[in-house]
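Asks: Fold the following for me, if possible:
(2 chains)
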Amino acid sequence: MIPALDGKVALVTGATRGIGQAIAVELAAAGATVFAGGRNEAALAAMIAASGQAGRIHPLPFDVTDAAATKAAFMAVQKQGGRLDILVNNAGILKDAPIEMTGADMVAETWSTNLTATLTCCQLAVRLMARPKDGGPGGSIINMASIIGRMGFPFHAAYGASKAGVIGLTLSLAKEVAARGIRVNAIAPGLVDTDMTAGIPPDKREAMLARIGMGRAGQPADIAPLALFLAGDGARYITGQVIGVDGGLVV
Amino acid sequence: MKSLAAVFAESLMIDPASVVDGLAYQSIKEWDSVAHMVLVTALEDNYGIMLDTDDIIAMSSVAKVREILAKYDVAA
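Replies: Numbers count the residues shown, from 1 in each chain, chains lettered A, B, ... in the order given. Just a heads-up that it's a prediction; the model follows:
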């Protein structure tokens, strides 16, 4: 059987760890050529070496908040991969604080990484995906939102706003680029065990776990199969959707 | 590598002779926003570059395109 994503080229941002790593490996295992974005070149190399997919995952060290570096990264994908079919905007940061202590720097950093960089990557991806290529122009963009962007959560005003912004971006862009064969969807994870959520204090974590219908935190491997589905032809008629993967978490 | 006039003519589907410095974006029906993106892709392929968003927005005439391309160290 030909793997589902054979011949496809994907870019996953924030692929060094957590959900991004799981998605990069999942797409590569399905036959895609994956460019793994991340800030730390050595960490990317270590991730790839341990992935079991070293032949299909290529390191793409860049910081998504650096617009020039981001453009250079997309150019490198086009030059080395010859095309772009799948973009997973996963790079993100999480900082929580009471509203009175949510500083301007924290707001700027959170929005720049989670929202502005996502828009910039979408913009560059659309330009590459809309190009003529084997199989015709088109592609799949998958943005990482959050349950907090839909439902809100105390002390997460800056983060929640950035993720609500990602949802708004997803909905509008899906309508704009549908005619060009480009689908845009978002995944809204609940509580997922990653380095990003490792800083949640134990008492808060226990309180969140009590609100998850399935009684456990999610793992990156719980998210990756949805990204694989949205990336592939099985989702060819699905766009502008925000899909929760949260084990029944109620926030 | 094609000439700048040839890239314009092919992208906008116009006579190469009408590609003059003063030709401006949206001054003719052939150079609309859709054709503008076709032109961007053709320029990028021809010169092996990727244009900045600000430059795509600023590409208001043939002369301006030539000026922008100079920033990318390509002969146009």
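Asks: how many other residues sit next to the residue of chain B found nearest chain A?
Replies: Among the residues of chain B, B:M50 lies closest to chain A, at 4.6 Å counting by C-beta to the nearest C-beta. (Glycine included, C-beta is placed from N, CA and C.) Counted with other C-beta atoms under 10 Å in any protein chain shown, the neighbours of B:M50 add up to 20.
Asks: Secondary structure class of it, three-state.
Replies: coil (DSSP: H, G, I helix; E, B strand; the rest coil).
Asks: surely B:D32 meets B:Q26?
Replies: Yes. Taking contacts as C-beta atoms under 8 Å, B:D32 lies within contact range of B:Q26: 6.5 Å.
Asks: what's near enough to touch the residue lying closest to B:S60 once chain neighbours are set aside?
Replies: Of all residues not flanking B:S60 in the chain, B:Y25 sits nearest, at 5.0 Å (C-beta to C-beta, 6 or more residues apart in numbering or on different chains). When contacts are counted by C-beta atoms under 8 Å, 6 or more residues apart in numbering or on different chains, B:Y25 touches B:W31, B:H36, B:M59, B:S60, B:S61.
Asks: what's around the last one, how many residues?
Replies: To tie it back to what came earlier, the one meant is B:S61. 17.
Asks: Setting aside sequence neighbours, what's the nearest residue to it?
Replies: Using C-beta to C-beta, 6+ apart and skipping the chain neighbours, the partner closest in space to B:S61 is B:A24 (4.5 Å).
Asks: which phi and psi does the one you found have?
Replies: Reported as degrees, to the nearest 10, the phi and psi values for B:A24 are phi -110, psi 150.
Asks: Repeat that for A:P3.
Replies: With angles defined as degrees, to the nearest 10, A:P3 shows backbone torsions of phi -60, psi 150.
Asks: my read: it touches A:A30, true?
Replies: Yes. The pair A:P3 / A:A30 is scored as a contact, 5.2 Å apart, by C-beta under 8 Å.
Asks: And the pLDDT for the residue nearest to B:S60?
Replies: Note on B:Y25: pLDDT of 97.
Asks: Now do the same contact list for residue 59.
Replies: Unless you meant another one, I'm taking chain A. By C-beta under 8 Å, 6+ apart, the neighbours of A:P59 are A:F35, A:A36, A:G38, A:E41, A:L44, A:A45, A:I48.
Asks: try again with chain B
Replies: Contacts here follow C-beta under 8 Å, 6+ apart; on that basis B:M59 touches B:Y25, B:H36, B:L39, B:V40, B:L51, B:V65, B:I68.
Asks: and the two most separated of those?
Replies: B:Y25 and B:L51 (14.1 Å; C-beta to C-beta).
Asks: Within range of chain B, give me the residues from chain A.
Replies: A:K71, A:F74, A:M75, A:Q78, A:Q123, A:L124, A:R127, A:A130, A:R131 (C-beta under 8 Å from any C-beta of the partner chain).
Asks: out of those residues, which are inside helices?
Replies: A:K71, A:F74, A:M75, A:Q78, A:Q123, A:L124, A:R127 (DSSP state H).
Asks: Using CSV, lay out these together with neighbour count.
Replies: Putting these into CSV (neighbours: other C-beta atoms under 10 Å in any protein chain shown) gives the following:
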residue, neighbour count
A:K71, 19
A:F74, 24
A:M75, 16
A:Q78, 19
A:Q123, 15
A:L124, 23
A:R127, 20
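Asks: and of the residues of chain A next to chain B, the nearest to chain B?
Replies: Chain B has its nearest neighbour among the residues of chain A next to chain B in A:M75, at 4.6 Å by C-beta to the nearest C-beta.
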